[in-house]
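Student: okay, sequence plus prediction incoming.
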Amino acid sequence: LEQSQCRFETETDTEVIAKLIEYIYSKYPQENFRRLVEMTVQQLEGAFALAFKSRHFPGQLVGTRRGSPLVVGIKSDSCLNTNHFPVYFSKGKF
């Protein structure tokens, strides 16, 4: 990222991840959101649990984890059941 003239405003891991997916999206704008997240996390080391949102993919949320638990809470006025929305796994299973 530093070689691509990327400018960092902080020294946080979170900013690096955000800049990394932005850089990957600029290289592969035709890829779907899930694939962009997969390409991003392949570059990461260590344990993490992340949720990705993007203005380029409105209405989508991609969650991923490695070694850490990932819990996503959704606020709703109605009863929410997990089988009402799809959960896609990186291996293409539902």
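Tutor: Thanks, I have it. Everything numeric in this text was worked out from a predicted model, so none of it was measured.
Student: what bits of this protein have low per-residue confidence?
Tutor: Within the chain, the set of residues satisfying pLDDT under 70 comprises 74, 78-94.
Student: now the residue most central in space within it: how far from residue 20?
Tutor: Central residue of the chain (C-alpha atoms, centre = their mean): residue 52, 3.3 Å from the mean position. Separation of residue 52 from residue 20 (C-beta to C-beta, to the nearest Å): 11 Å. Yep, even glycine has a C-beta here, placed from its N, CA and C like the rest.
Student: shared neighbours of those two, anything?
Tutor: Applying C-beta atoms under 8 Å, 6 or more residues apart in numbering, one finds that residue 52 and residue 20 are jointly contacted by residue 40.
Student: any chance you could map the strands in the protein?
Tutor: With DSSP state E as the criterion, the chain has strands at 48-52, 62-66.
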